[in-house]
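Student: quick one, fold the following:
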Amino acid sequence: MNSTEEKGYFECRIDGYKIEGGVELIKNIPTNKALTGLLNSKKRKSMEEDSELQYNNFCVKHNKVKEIVCLTDKEWLCTECVLFGIHQQHKYV
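Tutor: Predicted structure coming up:
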């Protein structure tokens, strides 16, 4: 038995607010479906953005991560593009 069950109330770790009834009372609180939907939507959007960022930061031609910026063409390049591609004589960061 943990200390919350022994006390007979649930105490918020952030602000110390106490709810009488312990853990069983907390387990029976209904789910806020609007908030759950909003959080799930935000999570999906974040995952889509991460996927798009990874795709845009990946050289399809050489199957490598783009990690160098060509200052001449103002675009991201992989090391193969810099060493062996049309960007050989350009300036990079």
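
Student: what's stretch 83-93 in contact with?
Tutor: Contact with stretch 83-93 is made by 68-73, 77, 81-82, as judged by Cβ atoms under 8 Å, 6 or more residues apart in numbering. Placement of C-beta: from N, CA and C, glycine included.

Student: sort out for me which of these are in helices.
Tutor: 81-82 (DSSP state H).

Student: of the contacts of stretch 83-93, just the buried ones, ChimeraX syntax please.
Tutor: What follows is the ChimeraX syntax selecting those of the contacts of stretch 83-93 that are buried according to 16 or more other Cβ atoms under 10 Å:
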select :68,70,77,81,82
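
Student: which of the contacts of stretch 83-93 sit farthest apart?
Tutor: 71 and 81 (13.7 Å; Cβ to Cβ).

Student: tell me, how many residues neighbour the nearest residue to residue 76 once chain neighbours are set aside?
Tutor: Counting by Cβ to Cβ, 6 or more residues apart in numbering, the nearest residue to residue 76 once its immediate chain neighbours are dropped is residue 66, at 3.9 Å. As a burial measure, residue 66 scores 18 neighbours (other Cβ atoms under 10 Å).

Student: what residues sit buried inside stretch 78-92?
Tutor: Neighbour-count burial for stretch 78-92 [16+ other Cβ under 10 Å]: 78, 81-82, 85, 87.

Student: tell me the helix or strand right after the worst-scoring helix or strand of the chain on mean pLDDT.
Tutor: Using mean pLDDT, DSSP states H and E, helix 3-7 stands out as the lowest-scoring helix or strand of the chain, at a mean of 53. Counting by DSSP states H and E, the next helix or strand C-terminal to helix 3-7 is strand 9-11.

Student: can you give the distance of stretch 12-24 from its chain's centre?
Tutor: 30 Å (Cα atoms, centre = their mean, to the nearest Å).

Student: for that stretch, C-alpha coordinates in PDB please.
Tutor: This file holds the C-alpha atoms of stretch 12-24, laid out as PDB (Å, rounded to 0.1, in the frame of the first residue of the first chain):
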ATOM      1  CA  CYS A  12      -1.100  17.000  -6.300                       C
ATOM      2  CA  ARG A  13       2.700  16.900  -6.700                       C
ATOM      3  CA  ILE A  14       2.600  20.400  -8.300                       C
ATOM      4  CA  ASP A  15       0.500  22.600  -6.100                       C
ATOM      5  CA  GLY A  16      -0.200  20.300  -3.100                       C
ATOM      6  CA  TYR A  17      -4.000  20.400  -3.600                       C
ATOM      7  CA  LYS A  18      -5.600  17.500  -1.800                       C
ATOM      8  CA  ILE A  19      -8.600  15.500  -3.000                       C
ATOM      9  CA  GLU A  20     -10.400  13.300  -0.400                       C
ATOM     10  CA  GLY A  21     -11.000   9.700  -1.400                       C
ATOM     11  CA  GLY A  22      -7.600   8.600  -2.500                       C
ATOM     12  CA  VAL A  23      -6.600   6.700  -5.600                       C
ATOM     13  CA  GLU A  24     -10.000   5.100  -6.300                       C
END
